[in-house]
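Chemist: Structure of the sequence below:
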Amino acid sequence: MTKSPCVQYNRSGITHTFWYCSDVQVRGEYPAFAKRLWEDMGVTIHMEPGDAEILKNGTVDFYTLSYYMSNCVTTHKDAAKTDGNVAQGFKNPYLKASDWGWQIDPQGLRYSLNEIYDRYRIPVMVVENGLGAKDTLEPDGTVHDSYRIDYLRAHIEQMAEAVKDGVDLMGYTPWGCIDLVSASTGEMAKRYGFIYVNKYDDGTGDYSRLRKDSFYWYKKVIASNGEDLT
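Modeler: Presented below is the predicted three-dimensional model:
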């Protein structure tokens with residue numbers, strides 16, 4: 001999932017995803033299809049003198065995106081749809097999925113970075129990417145979340161490939177560094193962080209914090225600037 005193609009538009013039974021918002025923010029002008037889009041949707045845009053110049057002069061210096069999953073399109077009306085609060089497509093039978101049904105597609109991140117950079121040619125930064133999972137707190141206070149390490153490793157490897165492809169990738173921040181109430185499901189059981197927070201959906205827990213295996217792994221990744229992913 002990337003956040004930039006932010007308009008979904010249905011015409012003649014076909015759903016189109018457009019680069020509507022980011023074209024304005026990066027290029028400083030509406031995309032070529034905008035006038036047709038407004039006309040078909042019965043929208044009238046009133047532009048004041050000087051508005052076009054304001055848009056052109058107010059562009060961003062770099063592009064940020066969130067990436068978690070990919071979706072498929074199909075001609076089969078009975079195909080299974082993906083799970084997740086922002087799911088908009090169909091399941092890919094060749095991909096694994098998280099505990100909450102979000103498809104895991106590291107290569108999709110590489111493809112997205114290439115497409116974004118090829119379109120805009122400004123630095124790109126991944127500001128959200130991570131795995132919501134059901135973690136188990138062991139009696140000795142450890143959390144062995146190898147699945148989270150595998151997820152992050154695969155995505156970091158694909159970002160490295162994107163850099164080799166020529167993408168100017170300026171940074172990466174995973175979601176998130178500490179467990180918190182999931183914005184998508186409103187529960188603590190869906191854990192994202194490198195740090196385990198002792199709090200549960202039934203209200204129990206003392207909010208104490210414990211480092212997961214992924215904490216120590218990611219500390220090593222940071223120290224090596226992504227070179228050591230073992």
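Chemist: State the helix or strand in which the residue of the chain positioned farthest from its centre lies.
Modeler: In terms of distance from the mean C-alpha position of the chain, Pro49 ranks first, at 37.0 Å (CA atoms, centre = their mean). Assigned by DSSP states H and E, Pro49 belongs to neither a helix nor a strand.
Chemist: Pull up the gap between it and Asp135, please.
Modeler: Note on Pro49: its distance to Asp135, by CB to CB, to the nearest Å, is 57 Å. From N, CA and C alone the C-beta is placed, and that goes for glycine too.
Chemist: Arg153 too?
Modeler: 17 Å.
Chemist: So between these two, which is more surrounded?
Modeler: A count of neighbours by other CB atoms under 10 Å puts Asp135 above the other of Arg153 and Asp135, at 21 against 17.
Chemist: contacting residues around Asp165?
Modeler: Contact partners of Asp165, counting by CB atoms under 8 Å, 6 or more residues apart in numbering, are 110, 113-114.
Chemist: Hmm, Leu37 and Asp23 touching each other?
Modeler: No: checked against CB atoms under 8 Å, the pair Asp23 and Leu37 is beyond contact range at 11.8 Å.
Chemist: The two: which is more packed in?
Modeler: Asp23 (20 against 17).
Chemist: so the more buried one, which of the three states?
Modeler: Three-state assignment for Asp23 (DSSP: H, G, I helix; E, B strand; the rest coil): helix.
Chemist: which residue sits closest to it in space, ignoring its chain neighbours?
Modeler: Pro31 (4.3 Å; CB to CB, 6 or more residues apart in numbering).
Chemist: I'd like to know how many residues surround that neighbour.
Modeler: Other residues close to Pro31 by other CB under 10 Å number 16.
Chemist: cool, Tyr68 as well?
Modeler: The burial count for Tyr68: 23, using other CB under 10 Å.
Chemist: if I look at it, how far off is Asn129?
Modeler: Going from Tyr68 to Asn129 by CB to CB gives 6 Å.
Chemist: Just give me the longest helix of this structure.
Modeler: Looking across the chain with DSSP state H, the single longest helix is helix 146-165.
Chemist: Pull it out as PDB, backbone CA atoms only.
Modeler: What follows is helix 146-165, C-alpha atoms only, in PDB (Å, rounded to 0.1, in the frame of the first residue of the first chain):
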ATOM      1  CA  SER A 146      11.800 -14.000  14.100                       C
ATOM      2  CA  TYR A 147       8.800 -13.500  11.700                       C
ATOM      3  CA  ARG A 148       9.200  -9.700  12.200                       C
ATOM      4  CA  ILE A 149      12.900  -9.900  11.500                       C
ATOM      5  CA  ASP A 150      12.200 -11.900   8.300                       C
ATOM      6  CA  TYR A 151       9.700  -9.300   7.200                       C
ATOM      7  CA  LEU A 152      11.900  -6.300   7.700                       C
ATOM      8  CA  ARG A 153      15.000  -8.000   6.300                       C
ATOM      9  CA  ALA A 154      13.200  -8.800   3.100                       C
ATOM     10  CA  HIS A 155      11.900  -5.300   2.700                       C
ATOM     11  CA  ILE A 156      15.300  -3.700   3.400                       C
ATOM     12  CA  GLU A 157      16.900  -6.100   0.800                       C
ATOM     13  CA  GLN A 158      14.400  -4.900  -1.800                       C
ATOM     14  CA  MET A 159      15.100  -1.200  -0.900                       C
ATOM     15  CA  ALA A 160      18.800  -1.900  -1.500                       C
ATOM     16  CA  GLU A 161      17.800  -3.300  -4.900                       C
ATOM     17  CA  ALA A 162      15.800  -0.200  -5.600                       C
ATOM     18  CA  VAL A 163      18.900   2.000  -4.800                       C
ATOM     19  CA  LYS A 164      20.900  -0.200  -7.300                       C
ATOM     20  CA  ASP A 165      18.100   0.500  -9.800                       C
END
